[in-house]
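Visitor: What follows is a predicted protein model with its sequence.
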Amino acid sequence: MRPARNNPPMNSDWSPDSWQSRLAQQQPVYDDPAAVRAALEKLAQLPPLVTAWEVDRLRRQLADAAAGNAFVLQGGDCSESFADCNAVSILRKLKVLIQMSLVLICQSHRKVIRIGRIAGQYAKPRSAGTETRGGVELPSYRGDIVNRSGFTEDDRRPDPELMLRAYERAALTINYIRALSEGGFADLHHPENWDLEFVRNTPGSRKYQQLLDSLSDSIRFMEIVSGSELEQLTRVDFFTSHEGLHLLFEQAVTRTDQRQRGYYNLSTHLPWIGDRTRSIDGAHVEYFRGIRNPIGVKVGPSVAADELLDLIRVLNPDNEPGRLTIIHRFGADRISAHLPQLADTVRRSGQNVLWSCDPMHGNTRSTHTGVKTRSFDDITMEIITAFRIHREAGTRLSGIHLELTGEDVTECLGGPANLTETDLQRDYRSQVDPRLNYEQAMEIAFLIAEQMK
Ligand code: PEP
Ligand code: CO
């Protein structure tokens, strides 16, 4: 029977606003309710950024990855900024993700699903509600969708209009990504399109060049054999994701799809729940359980095995493959104490999940001068350990979640150029968490490919 219009077949106890009866952590406190209402009404009228068909396609691809046929490469900024919504910055992020995916495909012979932390990654959870500098206490910066990073009262006042600005920038970003991935730029016959101008003649870049040369040979061979240009090689699939933190915003971009099969968050393909907001009776879990998108949930050392199982059952009650990605982020020194039991418990429960490793957020530390950084060695150690633990537990690591940039920044220590604490002063740009630079990111791609073999 066809469901009635505007009344999709959903759990009758869920609606896009049912989260409002639960405790919502990490939400901005606006001082003008009428302005918030006005912004949300405008937002709800704007066209979606993605379609339910794309979202469903990603869910099917993720199911395929969980079954071992593909690998998920998810990466981007910790926090996108409005200032970085420009051609150069978007292009570089796309280039590094495409180059990394190529390394993974060529070395592991597995399909790769590319997902950016992009086109909407504007809201950040913070450990404290306020920040004090020189005796002045102001609300914390919560990402460009909420307030501004400058340290004045005006900057830090949550401004509801910023939700509209964020949505518009997300639209500009996704528009450019779509244009680039549809052809020309993304054509595998022309990998030189993804070159980055600052790449030096390093061992990493030579390795990559060799890989491209043998890839070009294979493509030429295939095209001679098939007698025509391989059409599929002229475009790439690229999906978007962000932390679904700001629930008023996420609710306003939640729509029923044209087939009336339920509610989708149509601002992004894959929203995820952060480690700080994954409480089982909290507002975020309530919102996420009702949308049809594939979703992620981040878990850190504080999650217990039965708690994770409860979370999985609430977020994926039909045990649908591809629906739920567990992104674990323990830290190199803690993963061995936590992951084995979680993996074992989930495997024995028979729940379908896709396991992904975020080797960034458990490895954040401060230098003695108070700069937030991460060491390349900790990051690689957590990745290698994650692969090993999943192998031993009879589960499978099918994804990686990274904070990276296509720029030549100096935010994480170590890596191919062996960056030191002194180097961090040279080009540290992140407003929030330290990201892998281009060279470090490429090295990680080679390392993951090695682990996948
Ligand atoms: C993040 O991904 O930037 C983040 C805040 O992560 P987590 O929820 O894992 O702490
Ligand atoms: Co981060």
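Guide: On my side now, so go ahead. Ligands and ions are numbered 1, 2, ... in the order given.
Visitor: rest of the way, CA atoms for contacts and neighbours
Guide: Noted.
Visitor: How about the closest residue to ligand 1 within the chain: what's its closest non-neighbour residue?
Guide: Residue nearest to ligand 1 within the chain (Cα to the nearest ligand atom): Gly274, separated by 3.4 Å. Closest residue to Gly274 apart from its sequence neighbours, by Cα to Cα, 6 or more residues apart in numbering: Lys298 at 5.2 Å.
Visitor: now swap in Leu162 and tell me
Guide: For Leu162, the spatially nearest residue (Cα to Cα, 6+ apart) is Ile145, at 5.0 Å.
Visitor: so what's that neighbour up against?
Guide: 122-123, 162-163, 165-166 (Cα atoms under 8 Å, 6 or more residues apart in numbering).
Visitor: Buried ones among the residues you listed?
Guide: For the contacts of Ile145, a neighbour count by 16 or more other Cα atoms under 10 Å gives the buried set as 122-123, 162-163, 166.
Visitor: Just send those back as JSON lines, with pLDDT too.
Guide: Listed next are the buried ones among the contacts of Ile145 as JSON lines, based on pLDDT from 0 to 100:
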{"residue": "Tyr122", "pLDDT": "98"}
{"residue": "Ala123", "pLDDT": "98"}
{"residue": "Leu162", "pLDDT": "98"}
{"residue": "Met163", "pLDDT": "98"}
{"residue": "Ala166", "pLDDT": "98"}
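Visitor: Among those residues, which pair sits farthest apart?
Guide: Ala123 and Leu162 (10.8 Å; Cα to Cα).
Visitor: Touching both of these two, which residues are there?
Guide: By Cα under 8 Å, 6+ apart, Ala123 and Leu162 have these common neighbours: 144-146.
Visitor: Kindly report the residues of the stretch 101-250 of the chain close to ligand 1.
Guide: Pro125 (Cα under 6 Å from any ligand atom).
Visitor: Confirm that Thr132 sits in a strand.
Guide: Yes. Counting by DSSP: H, G, I helix; E, B strand; the rest coil, one finds Thr132 located in a strand.
Visitor: Show me what it bridges to in the sheet.
Guide: Glu137 (DSSP bridges).
Visitor: Read off the pLDDT value for it.
Guide: pLDDT, Thr132: 96.
Visitor: Could you do the one 10 residues further on as well?
Guide: Listed pLDDT for Arg142 reads 98.
Visitor: sec struct for the residue in the chain that ligand 2 sits nearest to, please.
Guide: Ligand 2 sits closest to Cys78 of the chain, with a gap of 4.0 Å, by Cα to the ion. The local conformation at Cys78, judged by three-state DSSP, is coil.
Visitor: hang on, it packs against Thr405?
Guide: No. Cys78 lies out of contact with Thr405 (Cα atoms under 8 Å); the separation is 9.5 Å.
Visitor: Which helix runs longest in this protein?
Guide: Scanning the chain for the longest helix, with DSSP state H as the assignment, gives helix 203-226.
Visitor: What is the neighbour count of Ser228?
Guide: For Ser228, the number of neighbouring residues by other Cα atoms under 10 Å comes to 10.
Visitor: Equivalent analysis for Leu397, please.
Guide: Every residue meeting other Cα under 10 Å relative to Leu397 is counted, giving 22.
Visitor: That one: what's it in contact with?
Guide: 354-357, 386-387, 390-391.
Visitor: would you list those residues in CSV and tack on neighbour count, distance to Ala70 and pLDDT?
Guide: As requested, the contacts of Leu397 are arranged in CSV below (neighbours: other Cα atoms under 10 Å; distance: Cα to Cα, whole Å; pLDDT from 0 to 100):
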residue, neighbour count, distance to Ala70, pLDDT
Leu354, 27, 11, 98
Trp355, 23, 12, 98
Ser356, 28, 12, 98
Cys357, 23, 15, 98
Ala386, 28, 17, 98
Phe387, 19, 15, 98
His390, 18, 16, 98
Arg391, 13, 16, 97
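Visitor: Need those residues in TSV (columns: secondary structure).
Guide: What follows is the contacts of Leu397, written out as TSV (three-state DSSP):
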residue	secondary structure
Leu354	strand
Trp355	strand
Ser356	strand
Cys357	strand
Ala386	helix
Phe387	helix
His390	helix
Arg391	helix
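Visitor: Include distance to Gly134 when you put these into CSV, please.
Guide: Output for these, formatted as CSV (distance: Cα to Cα, whole Å):
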residue, distance to Gly134
Leu354, 46
Trp355, 44
Ser356, 41
Cys357, 38
Ala386, 42
Phe387, 45
His390, 47
Arg391, 50
